[in-house]
Structure formats: structure tokens, C-alpha cells
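In: 3D model of this:
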Amino acid sequence: MNKKKYLLLYRTLKEKIITGQYDKKLPSKRTLADRTGYSVITVEKAYQMLIDEGYLCSRERSGYFITKPDSFPLPGEKNIVSFPPLEEPAMDKAPEFEYDLWFKTVRKVISDRREQLLLKSPNKGCAVLRNAIAAYLLRYRGMVANPKQIIIGSGSEQLYETVVKLLGRDKIFGIENPSYRQIEAVYTAEGVTIKKLPMAEDGISDNALSEGGFDVLHVTPFRSYPTGVTASAAKRYQYIKWAKASHYIVEDDFNSEFFLPGNPIESLYSIDQKERVIYINTFSKSLSPSMRMGYLILPGHLLSRYEEVLGNFSCTVPVLDQYILAEFIESGNFERHLNRMRRKMNQTK
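Out: Residues are numbered from 1 along each chain as shown. Down below sits the predicted model:
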């Protein structure tokens, strides 16, 4: 199957769904294949991606239907449900990893970089790593990020602190309830007021969003911990609509590289047209819990604010670690590692 073909078809269909060019029901796989010249397998793969993202649902013997055909987002309160708690993730073990390959990368960086490793890191992080992350996001996630807007930090907790210092402690932060405990812990320690927003089966409840009472929305749209909830396509557009022109969303994209099956679900950052999303991700899950390195992507209009408030703060990640990770990403080893991990997860699912 030609990967580019089913991705192109998926994007075309999604655009037509969002803009209302389809009624409630889509053509059958065979009919659409005949109309477009694509194979049935290609059509099936595109349909499955739309189902995974919440745009379509499949009804046995009836076909494929748009989940919310009128517009995105739509009102309509979901029932707030109770979720059984997930087990605490084992953070004392690294994921299955090819250590020889990593240490080979370490040796190469030490040999190639030499004196560069003794220089102080730029405050936002080394250019080589910021460039590598931007290229990876475009290649692997379809996300367009200017390297100038990428800030390197030592893990998610330090990046949460950066957000508070940037936006101000006078802001009220809305967080998912329940959520990863360190989110509340960091914000509380930083002295900000938090508002806990109840979860529904497709993300934060509609009522909680409409009631408001908070300035910044911190969300984990993909497999939020501990509920395991992934926000639907309609819910993600509701988040974006909430932000509009005066609020900000902190998108915590932890664990998103391990979306199964197919490509990762689109990020809020990708669908944000007004630059209201601050994107955060780390390498703790994708590589190792000991990899205390992450990054955030700032909206362009916040860069001057960042320079004013945090521009003189040194980068907290050692230069050697930054160059090693940059080389690991640029060589393609990081993506090959992710693909191996996703295959293993699929086999055990």
C-alpha cells in the first residue's frame, strides 16, 4: 500500500467532513474506490484513521457515518462517567531499548563534537537539537514548528514551571480531573490557582468548558492519565474554540508517539490557527524515564515575552545530552526505535 495515497485521501476526506461537504453518510469503500481510483485497501485505511480520530463511526451492514455532521465543535453534553483507575506506570524501568545503538551514538558525538561539548548551551537549548526536533515533528507528526519557537528543558515538570513564569501566577489554570498528579503538584507549588474540570468519555465535560472560570487550560488530549481518555476530534475543536483570542492551552502530549494503529492523532497545536497552544512533550516515555529532557513550542507572539521574563535563564540540560539526542534523531534511529516499540505494543495488545 502506498502510504502517501491513504494519507492524502484521509486529509481530503477530513477536510470535506469539517467543511460540511458530506451528509451524514459516506460512500461505501468500494464506491469511493471506484470514484477516486484508489484501491479498496487504501480507502479502508483512510476510513480507519478517521474513525480513530472520532470523525467517523462504522455501523455493521450500514456503512460509515459522520459522528457529528453539523459542524466542529458542536455542543452536546456527554454524560460524566466514572473510570476505573489505571495502575501506576512503572517508572523505575527503561522501555525495551537498544543500548548498543545509543552508546554508539554517544561515542560518535564525543568524537565529532569535541570542543563544542565544552561550550555553554544557548539559553533556549542547542540549535542542532531544536532543528532536529522541528524536522522530526514535521516528518513523523506532520507538525510545522519553527526551531526558534522550540525551548529545551529538563522534563515536563520544569516546562510546567516555565509556562507559569511566562503567563503569570495571577492566571487560573484549568486541569483535567483526574489528572497526572505532578501537574497539580507543580502548579500548586508555583502558587497558581487551579480549577479541576471533570472528565467525560471524550475529554473534559462540555459543561465544565462552557462554565469557564479559568484562563489557561492544561490538557492531555491523547490517553490522559489515569483515565486513559483520548479526546475526540469534536472535543479537540471545542478546546481550540474555547481558547479563541484571549486564553491559552497547554497541550501535554506525553505518550503520543505510541498511538496505535497507524499515525498519531493530530495534535491541538496542528489544528490551532490563532497561536493559542503551548505544546509540551518529553522523551521520558519514548526513550527512558532517566532521559530528563523535553521541549515546549511557544506561539510566535510569546517569544518577546519569553525573552523579557526568562531570556537570561540558562538551559538546564547538559550540552552533551543535547548533542547525543540530536544525533539520535537526525540519524533516523529515534523513529526506528519508535516503530519497533509500536510494533511490539501492537503484538501484545
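In: what about Arg139, how many residues nearby?
Out: 12 (other Cβ atoms under 10 Å). Placement of C-beta: from N, CA and C, glycine included.
In: give me the mean pLDDT for the host helix or strand of Gln322.
Out: Using DSSP states H and E, the element containing Gln322 is helix 319-330. The average pLDDT for helix 319-330 rounds to 94.
In: try stretch 172-185
Out: 94.
In: contacts for it?
Out: With contact meaning Cβ atoms under 8 Å, 6 or more residues apart in numbering, stretch 172-185 is reached by 85, 156-157, 160, 164, 187, 192-199, 204, 208, 213-220, 224-227, 250, 252, 254.
In: those in helices, which ones?
Out: Ser156, Glu157, Tyr160, Val164, Tyr187, Ala208 (DSSP state H).
In: quick one: which of the residues you listed is nearest Ile329?
Out: Comparing those against Ile329 with Cβ to Cβ places Ser156 closest, at 18.7 Å.
In: test my guess that that closest one contacts Ile280.
Out: Yes - applying Cβ atoms under 8 Å as the test, Ser156 and Ile280 come out as touching, 6.3 Å apart.
In: give me the common contacts of those two.
Out: Asp252, Phe254, Gly294.
In: sorry, back to before: which of the contacts of stretch 172-185 count as buried?
Out: Buried members of these, counted by 16 or more other Cβ atoms under 10 Å: 156-157, 160, 164, 187, 192, 194-195, 197, 199, 204, 208, 214-220, 224-227, 250, 252, 254.
In: so which bits of stretch 115-134 are buried?
Out: Ser121, Lys124, Gly125, Cys126, Val128, Leu129, Arg130, Ala132, Ile133, Ala134.
In: over to stretch 40-60?
Out: 42-50, 52-56.
In: next one: stretch 142-154
Out: Under 16+ other Cβ under 10 Å, the buried positions of stretch 142-154 are Met143, Ala145, Pro147, Gln149, Ile150, Ile151, Ile152, Gly153, Ser154.
In: which one of those is nearest Arg107?
Out: Taking the buried residues of stretch 142-154 together and measuring to Arg107 by Cβ to Cβ, the closest member is Ile152, at 22.6 Å.
In: what about the closest one, helix or strand, and which?
Out: Going by DSSP H and E, Ile152 is part of strand 150-153.
In: tell me the mean pLDDT for that strand?
Out: For strand 150-153, the per-residue pLDDT averages 96.
In: residues touching Ala208, list them.
Out: If you count contacts by Cβ under 8 Å, 6+ apart, Ala208 has them with Gly174, Leu197, Pro198.
In: how about 10 Å then?
Out: Glu77, Ile80, Gly174, Glu176, Asn177, Lys195, Lys196, Leu197, Pro198, Met199, Ala200, Phe214 (Cβ atoms under 10 Å, 6 or more residues apart in numbering).
In: just confirm Ala200 contacts Lys235, I think it does.
Out: Yes - counting by Cβ atoms under 10 Å, Ala200 touches Lys235, with 8.4 Å between them.
In: which one's more surrounded, the two?
Out: Lys235 (25 against 21).
In: how about whichever helix or strand that one is part of: buried residues?
Out: Lys235 belongs to helix 233-243 when assigned by DSSP H and E. Across helix 233-243, burial judged by 16+ other Cβ under 10 Å covers Ala233, Ala234, Lys235, Arg236, Tyr237, Gln238, Tyr239, Ile240, Trp242, Ala243.
In: adding pLDDT, write those residues out as CSV.
Out: Shown next, in CSV, are those (pLDDT from 0 to 100):
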residue, pLDDT
Ala233, 90
Ala234, 90
Lys235, 93
Arg236, 93
Tyr237, 92
Gln238, 94
Tyr239, 95
Ile240, 95
Trp242, 94
Ala243, 93
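In: from the residues you listed, which is closest to Leu287?
Out: Arg236 (26.4 Å).
In: ok, that closest one - contacts?
Out: Per Cβ under 10 Å, 6+ apart, neighbours of Arg236: 53-54, 72-73, 202-203, 219, 221-222, 230, 249, 251, 265-268, 270-272.
In: wait, isn't Tyr239 in contact with Thr220?
Out: No - the criterion here is Cβ under 10 Å, and Tyr239 misses it with Thr220 at 11.3 Å.
In: before we move on, the earlier item: tell me which of the contacts of Ala208 fall in strands.
Out: In this view, the contacts of Ala208 that belong to strands under DSSP state E are Gly174, Glu176, Asn177, Lys195, Lys196, Leu197, Pro198, Met199, Ala200.
In: so which pair among these is furthest apart in space?
Out: Lys195 and Ala200 (16.3 Å).
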